[in-house]
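Visitor: Got a predicted structure plus its sequence, pasted below:
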Amino acid sequence: MVTCAIIGATGAVGMEVAKCMHSRQSTFGPTAPALYASPRSAGKVMSTLYGDLTIAAFDVDLVNSSSYDYIFLAVSGSFSLEWAEKLTNGGKTVVIDNSSAFRYHDSIPLVVPEINLAAIGPDDKLIANPNCTTAIAAMALHPIHAKYTIETLIVSSYQATSGAGEPGMQELLEGTRKQLEDLAAPPQPAKMFSHPIAFNCIPCIDKLQDNGYTKEEMKVAWETRKIFCAPDMKVSVTAVRIPTLRAHSEAISIQTKDVIDVAGVKEVLATAKGLVVKDDTANDVYPMPLTSSGADNVEVGRIRQSLVFGDRGVEIFVCGDQLLRGAALNAVLIAEAMEGRKA
Ligand SMILES: NC(=O)C1=CN([C@@H]2O[C@H](COP(=O)(O)OP(=O)(O)OC[C@H]3O[C@@H](n4cnc5c(N)ncnc54)[C@H](OP(=O)(O)O)[C@@H]3O)[C@@H](O)[C@H]2O)C=CC1
Ligand SMILES: N[C@@H](CC(=O)OP(=O)(O)O)C(=O)O
């Protein structure tokens, strides 16, 4: 029996981890996870696919006394910095961290299972899960990179409010509801975002860096290079928050080393794991947040030859549920693969 705990179980990612575990019957399904959150949530009962489960307040000794096989961490970067290594419990537990705390450490694997599972060594006990915008793009980009060698990426993202967790979604819903009561009223003041998000879009996610890009934008560059082992790949991103609940979308311009064409791209994407090609624009079939929300696979479409890069470039549009592909599902697939290695 594989035993697991979710820390941050009441949050947007934590709740999805429990659902993903349940759906992966082969490895995790039979055993309900232990759920931990902040002391605010202690004793609360959460309805899950495993039935009603009671939340415990996080306490490192309490958690370590259970010697779980896997811990899914879904709290904050500062929380992970403080606790992640201690939670490996002297090597007894594998900790898969959804935060950005360890992604850029050379000695910590940053993993998308379909791409670089081999980055996990036999003694690795702390594994970093990538940023959601990075993970979704990577699913479509890696097969293209493997065939044509990507040299340059220019990305514009359209990111859902759940990227800011459960409170982000609540702010969109509440702001929209209030605005619809009186369209002439000033927007609700923003708490989670830097401006009201209802009926708006905000071209700034996370902290501004010295180079004029935001941290969210730089994460995509840093992480794509690390996951693809492509330190020289040129990556420029504009990350934008939009008033949707779930699923991030990205328009991606790709410039390659080798000559590339649409038919070849479609062929390589059609057989790639974790992807579904939705590319029939004449019949209004393309990736969208509404169709990719709740789905395990990333949608890719609008595949066309680049007017800018000619026969060394294509344009694609991707859309994926960032709570799943960009967080919970990616983490559970990592654990499943690590468990599979033991067999
Ligand atoms: N949302 C997304 O799309 C993605 C998020 N991530 C990362 O995943 C992590 C979680 O994000 P998300 O689910 O969105 O965040 P939420 O704000 O929705 O959830 C945060 C969770 O952390 C818990 N928590 C807060 N403080 C403590 C504490 N002291 N001890 C134990 N638990 C605590 C909260 O519990 P309580 O309810 O008791 O406060 C809650 O369960 C973050 O690091 C984020 O960067 C990564 C990829 C995508
Ligand atoms: N920053 C992402 C979500 C997230 O939490 O990312 P990260 O794990 O890199 O902090 C968003 O706002 O959509």
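Guide: Right, received. Where do you want to start? Residues are numbered from 1 along each chain as shown. Ligands and ions are numbered 1, 2, ... in the order given.

Visitor: What helix or strand is Arg312 located in?
Guide: Arg312 is part of strand 310-320 when elements are defined by DSSP states H and E.

Visitor: How much space separates Phe199 from Pro167?
Guide: Relative to Pro167, Phe199 is positioned 19 Å away (criterion: CB to CB, to the nearest Å). In short, each C-beta sits where N, CA and C put it, glycine included.

Visitor: Residue numbers of the stretch 101-250 of the chain in contact with ligand 1?
Guide: Near ligand 1, the residues belonging to the stretch 101-250 of the chain are Cys132, Ser162, Gly163, Gly165, Glu166, Pro167 when assessed by CB under 6 Å from any ligand atom.

Visitor: Strand partners (parallel or antiparallel) of the strand holding Arg312?
Guide: strand 248-256 (antiparallel), strand 298-306 (antiparallel) (DSSP bridges).

Visitor: any chance of the ones you listed in TSV, with mean pLDDT, distance to Val240 and mean neighbour count too?
Guide: Converted to TSV, those look like this (pLDDT from 0 to 100; distance: least, CB to CB, whole Å; neighbours: other CB atoms under 10 Å):
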stretch	mean pLDDT	distance to Val240	mean neighbour count
strand 248-256	98	10	22
strand 298-306	98	17	21
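
Visitor: Dump these to a markdown table, plus distance to Gly14.
Guide: Compiled in a markdown table, these are given as follows (distance: least, CB to CB, whole Å):
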| stretch | distance to Gly14 |
| --- | --- |
| strand 248-256 | 19 |
| strand 298-306 | 22 |
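
Visitor: same question for the one helix or strand Ile96 maps to, mean pLDDT?
Guide: Using DSSP H and E, Ile96 maps to strand 94-97. This predicted structure assigns strand 94-97 an average pLDDT of 98.

Visitor: Identify all contacting residues around it.
Guide: 69-73, 80, 84-85, 87-88, 124-129, 331, 334-335, 338 (CB atoms under 8 Å, 6 or more residues apart in numbering).

Visitor: and Lys219, what does it touch?
Guide: Ser100, Arg103, Asn131, Thr133, Thr134, Asp206.

Visitor: same thing with Leu172?
Guide: Shown here is Leu172, whose contacts under the criterion CB under 8 Å, 6+ apart are Thr161, Ile197, Ala198, Pro243, Thr244, Leu245.

Visitor: what's the closest non-adjacent residue to it?
Guide: Nearest non-adjacent residue to Leu172, counting by CB to CB, 6 or more residues apart in numbering: Thr161, 4.3 Å away.

Visitor: and that neighbour, how many residues sit next to it?
Guide: Applying other CB atoms under 10 Å, we find 26 other residues in the vicinity of Thr161.

Visitor: contacting residues for it?
Guide: With CB under 8 Å, 6+ apart as the criterion, the residues that contact Thr161 are Gly168, Met169, Glu171, Leu172, Met192, Phe193, Ile197, Arg241, Pro243, Thr244, Leu245.

Visitor: And it, how far from Ala140?
Guide: With the distance defined as CB to CB, Thr161 ends up 23 Å from Ala140.

Visitor: Same question for Thr134, what's its three-state structure.
Guide: Recorded secondary structure, Thr134: helix (DSSP: H, G, I helix; E, B strand; the rest coil).

Visitor: Tell me how far it lies from ligand 2.
Guide: Applying CB to the nearest ligand atom, to the nearest Å, the value for Thr134 to ligand 2 is 8 Å.

Visitor: what's around that residue, how many residues?
Guide: Here the number of neighbours of Thr134 (other CB under 10 Å) works out to 26.

Visitor: For the buried ones among the contacts of strand 94-97, write the corresponding PyMOL selection.
Guide: Applied in PyMOL, the following selects the buried portion of these according to 16 or more other CB atoms under 10 Å:
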select buried, resi 69+70+71+72+73+80+84+85+87+88+125+126+127+128+129+331+334+335+338
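
Visitor: Which of the contacts of strand 94-97 fall within helices?
Guide: Secondary structure assignment by DSSP state H places Ser80, Ala84, Glu85, Leu87, Ala331, Ile334, Ala335, Met338 of these in helices.

Visitor: Would you mark the buried spots in stretch 87-106?
Guide: Judged by neighbour count using 16+ other CB under 10 Å, the buried positions of stretch 87-106 are 87-89, 93-103.

Visitor: and the end-to-end length of it?
Guide: Start-to-end span of stretch 87-106 (CA to CA, to the nearest Å) is 20 Å.

Visitor: next one: that stretch to chain centre, how far?
Guide: Relative to its chain's centre, stretch 87-106 lies at 16 Å (CA atoms, centre = their mean, to the nearest Å).

Visitor: can you tell if that stretch touches ligand 2?
Guide: Yes. Contact between stretch 87-106 and ligand 2, assessed by CB under 6 Å from any ligand atom, occurs at Ser99, Ser100.
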